[in-house]
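S.K.: structure of the sequence below:
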Amino acid sequence: MKNIKIYLSIIFLLVTSGNYLVAQRNKTPKESSLQIQYKSAKVLFDEGKYSLAMEAMKSLNQFQEDNPYLEYASFHFGLSAHYLDQYAVAKNMFLQIIQKYPKWSKINDVYFWLAKTYFEQGYYVQGMGALKEIKKNQGNTKSLQENAAAMKKYYLRKAKSQENLEVLYQNYPEDKDIGEALANAIILKPYKEQKHQLLDSLVQAFELDTEKFVTVTQESSIKKEVYRVGVFFPFTYNHLSAGTRQQSNQLVLDLYNGIRLAAEDLKKENINIEVYAYDTQRDSVTTAKLLTSPELKTMDVIIGPLLANTSPMVSAFSLENRINMFNPVSSNPQVIGDNPFSFLIRPSVETQARKAAAFALDSLARSMPVIIYGPGIQDSLEAVSYKNTYDKEFLTGESVMQKFLPEESASIQNMIHELDSLGTIGHIYVASDNELIVSNTLGGILKTGHQIPVFGHENWFQIATITTEQLENIGVMLMAPRFRYHQDAITEFRTNYTRRFNTLPSEFCYEGYDAMYFLGKTLFKYGIYFQKFFEEDETFPSRFHMGYNYYNANDNQVVPIITFKDSELSIVNQPVKTVH
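M.R.: Here you go, the predicted model:
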């Protein structure tokens with residue numbers, strides 16, 4: 001039996017050896033050449049010499065008959081093009097392989113790299129379509145499945161276009177990765193541009209982290225017997241003597257005194273507000289230490305901070321702990337950032353520009369505007385906001401927009417004269433409070449000898465070289481968020497403040513009081529997330545001003561526009577509808 005086994009083994013070896021020799025004898029020189037050529041091209045590919053590899057693989061494709069390397073050469077040609085960022089070339093090659101060799105054992109790898117090529121170009125719908133073509137029964141391995149899933153998540157996280165992701169979501173409404181990517185894209189938008197209903201539906205449908213995606217509802221707006229308000233101001237008590245504090249830090253103290261007096265008046269209406277003062281000392285290190293206190297997490301609202309170097313860390317604390325924070329004096333939209341819990345008591349410069357543009361479109365016979373702006377970042381934001389709003393509706397032409405440095409502002413008069421002589425100026429919008437820019441703009445208008453409507457800011461009242469007579473003669477219209485027109489309330493406050501502090505209230509006393517009074521009233525009526533109760537065209541009343549509206553916004557949308565008439569100030573845009 002043993003001898004038989006040995007004999008059979010010898011026969012098997014002879015047969016297989018013979019087959020091998022026959023194959024070698026039948027092997028043509030052409031096939032040997034292709035093998036050598038492919039190996040050389042593959043070495044170039046493995047060494048990262050992709051341009052050379054593409055040339056070598058391309059020459060292999062010339063042999064269409066009896067070429068066992070045709071699919072591989074085409075595939076590595078596409079891969080080389082991909083690595084060289086020649087995505088159009090790579091895509092075309094992968095599509096050719098799919099068309100010519102649909103049953104190739106490596107076809108799933110082709111779909112994988114086709115998807116990656118689409119994703120690199122930002123074609124997410126096509127990329128998802130390619131991934132969906134990967135078949136489990138065609139050489140697909142667990143590793144490839146895992147790599148495909150990881151690739152999809154990676155590129156979806158990189159996606160910046162909310163519109164593209166919305167299209168993807170419509171095509172793949174059950175895909176959690178797409179839903180989460182779309183939610184991420186939504187929260188990266190400014191709060192007023194976010195689609196809140198869509199975000200809420202995504203969070204619910206895919207059970208996303210509500211802490212991360214910051215969804216608050218009317219139901220989560222808890223009402224309390226006592227509300228705690230943390231005031232983050234640079235009091236700098238440790239650095240100032242009693243004699244200098246009143247001069248150096250008067251703005252801060254006036255704001256705070258107004259807040260305290262409002263809390264006392266609210267208590268008379270059975271609205272209980274506890275005010276906690278935190279001294280940021282104009283110092284980010286001090287502010288960071290303050291934020292480590294467990295007490296701060298019990299605050300219901302934060303007022304402040306006032307300085308740019310302390311605002312980001314307080315905003316991060318606000319977002320993490322879902323506490324609304326309000327800046328009482330800034331009009332800079334960058335203060336809000338990406339924090340949906342960060343608000344401006346005043347309208348931002350962008351909002352002021354949009355409201356002025358809407359008024360101009362409605363009231364100035366859709367005349368061509370000239371937009372003049374200064375070198376500041378906020379000046380640019382304001383100018384662009386006005387131009388975009390106006391041009392979107394004013395379809396017969398585009399507005400003129402020109403930036404001026406203060407030292408070159410004298411040329412503003414020449415520009416106004418030239419444009420006026422052509423009859424192209426309908427009105428002027430000035431996105432600047434710089435004295436030279438404003439003075440030269442008004443001077444240029446006066447030289448024309450006739451009125452040209454002009455929009456400016458209430459801060460122009462502080463420019464010493466400009467008189468109220470000039471503003472009235474020219475017909476200047478001023479965005480005036482701080483304009484106070486409830487005279488009875490103003491008189492009562494001035495009397496009470498003078499009695500309490502033995503001095504007349506400054507502008508910032510009014511601002512601190514009005515901010516705290518508004519926050520206290522809305523907290524009492526709606527709870528800690530009262531912003532969820534704002535609805536379109538409804539404005540909450542103000543003690544002194546025109547009102548507050550945060551519908552789909554994180555800055556006040558109420559912008560009074562005032563002008564002088566018979567030496568008295570009056571509001572030219574329509575009064576807002578208020579809720580009581």
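S.K.: going forward, measure contacts and count neighbours with C-alpha atoms only.
M.R.: Noted.
S.K.: quick check, Ala81 in contact with Tyr50.
M.R.: Yes - between Ala81 and Tyr50 there is a contact at 7.3 Å, judged by CA atoms under 8 Å.
S.K.: tell me what the host helix or strand of Tyr429 is packed against?
M.R.: With elements delineated by DSSP states H and E, Tyr429 resides in strand 427-431, which encompasses its position. Strand 427-431 sits against strand 369-373, helix 377-393, strand 454-457, with contacts defined as 3 or more CA pairs under 8 Å, 6 or more residues apart in numbering; DSSP states H and E.
S.K.: what residues of the following helix or strand past that strand count as buried?
M.R.: Moving toward the C-terminus from strand 427-431, the next helix or strand (DSSP H and E) is helix 435-448. Along helix 435-448, these residues count as buried under the neighbour rule (16 or more other CA atoms under 10 Å): Glu435, Leu436, Ile437, Val438, Ser439, Asn440, Thr441, Leu442, Gly443, Gly444, Ile445, Leu446.
S.K.: the first one contacts Ile463, doesn't it?
M.R.: If I follow you right, that is Glu435. Yes - with contact taken as CA under 8 Å, Glu435 and Ile463 are classed as touching, separated by 6.3 Å.
S.K.: ok, and the closest non-adjacent residue to Ile222?
M.R.: Using CA to CA, 6 or more residues apart in numbering and skipping residues adjacent in sequence, the residue nearest Ile222 is Gly527, 4.9 Å away.
S.K.: got the confidence number for that neighbour?
M.R.: pLDDT, Gly527: 93.
S.K.: the inter-axis angle of the strand holding Tyr429 versus helix 377-393?
M.R.: Relative orientation of strand 427-431 with respect to helix 377-393: 150 degrees, computed using axes from the mean of the first three to the mean of the last three CA atoms, to 10 degrees.
S.K.: list the contacts for Gly230?
M.R.: The neighbourhood of Gly230, defined by CA atoms under 8 Å, 6 or more residues apart in numbering, consists of Val275, Tyr276, Ala277, Tyr278, Leu296, Met299, Asp300, Val301, Ile302, Ile303.
S.K.: right, so of the helices and strands packed on strand 427-431, which gets closest to Glu264?
M.R.: Nearest to Glu264 among the helices and strands packed on strand 427-431 is strand 454-457; the distance by CA to CA comes to 32.9 Å.
S.K.: okay if I get the helices and strands packed on strand 427-431 as JSON lines plus distance to Ala489, mean pLDDT and mean neighbour count?
M.R.: As requested, those are exported to JSON lines (distance: least, CA to CA, whole Å; pLDDT from 0 to 100; neighbours: other CA atoms under 10 Å):
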{"stretch": "strand 369-373", "distance to Ala489": "36", "mean pLDDT": "95", "mean neighbour count": "23"}
{"stretch": "helix 377-393", "distance to Ala489": "32", "mean pLDDT": "93", "mean neighbour count": "19"}
{"stretch": "strand 454-457", "distance to Ala489": "24", "mean pLDDT": "95", "mean neighbour count": "22"}
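S.K.: turn the ones you listed into TSV, including distance to Val476.
M.R.: Supplementary listing: the helices and strands packed on strand 427-431 in TSV, determined by distance: least, CA to CA, whole Å:
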stretch	distance to Val476
strand 369-373	14
helix 377-393	17
strand 454-457	5
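S.K.: these: which one's closest to Thr236?
M.R.: Comparing the helices and strands packed on strand 427-431 by their distance to Thr236 (CA to CA), the top pick is helix 377-393, with 27.8 Å.
S.K.: packing partners for that closest one?
M.R.: Helix 377-393 is packed against helix 349-363, strand 369-373, strand 427-431, with contacts defined by 3+ CA pairs under 8 Å, 6+ apart.
S.K.: same thing but 6 Å
M.R.: helix 349-363 (3 or more CA pairs under 6 Å, 6 or more residues apart in numbering; DSSP states H and E).
S.K.: where's Lys224 relative to Val125, distance?
M.R.: As for Lys224, its distance to Val125 is 48 Å (criterion: CA to CA, to the nearest Å).
S.K.: ok, now Ala150?
M.R.: As it turns out, when the distance is counted by CA to CA, Ala150 lies 17 Å from Val125.
S.K.: neighbour count winner among those two?
M.R.: Val125 (18 against 12; other CA atoms under 10 Å).
S.K.: the more buried one - that's part of a helix, no?
M.R.: Yes - membership of Val125 in a helix is supported by DSSP: H, G, I helix; E, B strand; the rest coil.
S.K.: excluding residues flanking it in the chain, which one is nearest it?
M.R.: Excluding its sequence neighbours, the residue lying closest to Val125 (CA to CA, 6+ apart) is Leu168, at 5.9 Å.
S.K.: give the rounded mean pLDDT of the helix or strand that neighbour falls within.
M.R.: Assigned by DSSP H and E, Leu168 falls within helix 162-171. Over the span of helix 162-171, the pLDDT mean works out to 88.
S.K.: look up how far Ala183 lies from Ile445.
M.R.: In this structure, Ile445 lies at 49 Å from Ala183, with CA to CA as the measure.
S.K.: quick one on the thing from earlier: any idea which helix or strand comes after the helix holding Leu168?
M.R.: Per DSSP H and E, helix 162-171 leads on to helix 176-187 as the next helix or strand towards the C-terminus.
S.K.: CA atoms only for that next one - export them in PDB, please.
M.R.: Below are the C-alpha coordinates for helix 176-187, written out as PDB (Å, rounded to 0.1, in the frame of the first residue of the first chain):
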ATOM      1  CA  LYS A 176     -28.000  58.900   9.600                       C
ATOM      2  CA  ASP A 177     -24.500  60.000   8.500                       C
ATOM      3  CA  ILE A 178     -26.100  62.400   6.000                       C
ATOM      4  CA  GLY A 179     -28.600  63.600   8.600                       C
ATOM      5  CA  GLU A 180     -25.900  64.400  11.100                       C
ATOM      6  CA  ALA A 181     -23.700  66.100   8.500                       C
ATOM      7  CA  LEU A 182     -26.700  68.300   7.500                       C
ATOM      8  CA  ALA A 183     -27.300  69.100  11.200                       C
ATOM      9  CA  ASN A 184     -23.700  70.200  11.500                       C
ATOM     10  CA  ALA A 185     -23.900  72.400   8.500                       C
ATOM     11  CA  ILE A 186     -27.100  74.100   9.900                       C
ATOM     12  CA  ILE A 187     -25.500  74.900  13.200                       C
END
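S.K.: buried residues in the very next helix or strand once past that helix?
M.R.: Next helix or strand after helix 176-187 toward the C-terminus (DSSP H and E): helix 196-206. Neighbour counts over helix 196-206 (16+ other CA under 10 Å) mark His196, Leu199, Asp200, Leu202, Val203 as buried.
S.K.: want to throw these into TSV with distance to Lys189 and pLDDT?
M.R.: Conversion of these to TSV gives the following (distance: CA to CA, whole Å; pLDDT from 0 to 100):
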residue	distance to Lys189	pLDDT
His196	11	76
Leu199	12	87
Asp200	15	83
Leu202	16	90
Val203	16	87
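S.K.: just list the residues touching Lys116, thanks.
M.R.: Applying CA atoms under 6 Å, 6 or more residues apart in numbering, we find Lys116 in contact with no residue.
S.K.: could you dump the helix or strand hosting it to PDB, C-alpha only?
M.R.: In this assignment (DSSP H and E), Lys116 forms part of helix 107-120. Extracted C-alpha coordinates of helix 107-120, given in PDB (Å, rounded to 0.1, in the frame of the first residue of the first chain):
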ATOM      1  CA  ILE A 107     -15.200  46.200  -9.600                       C
ATOM      2  CA  ASN A 108     -16.100  47.100  -6.100                       C
ATOM      3  CA  ASP A 109     -12.700  48.800  -5.700                       C
ATOM      4  CA  VAL A 110     -13.400  50.800  -8.800                       C
ATOM      5  CA  TYR A 111     -16.700  52.000  -7.400                       C
ATOM      6  CA  PHE A 112     -14.900  52.900  -4.100                       C
ATOM      7  CA  TRP A 113     -12.300  55.100  -5.900                       C
ATOM      8  CA  LEU A 114     -14.900  56.600  -8.200                       C
ATOM      9  CA  ALA A 115     -16.900  57.600  -5.100                       C
ATOM     10  CA  LYS A 116     -13.700  59.100  -3.600                       C
ATOM     11  CA  THR A 117     -13.000  61.000  -6.800                       C
ATOM     12  CA  TYR A 118     -16.500  62.500  -6.800                       C
ATOM     13  CA  PHE A 119     -16.300  63.400  -3.100                       C
ATOM     14  CA  GLU A 120     -12.900  65.200  -3.700                       C
END
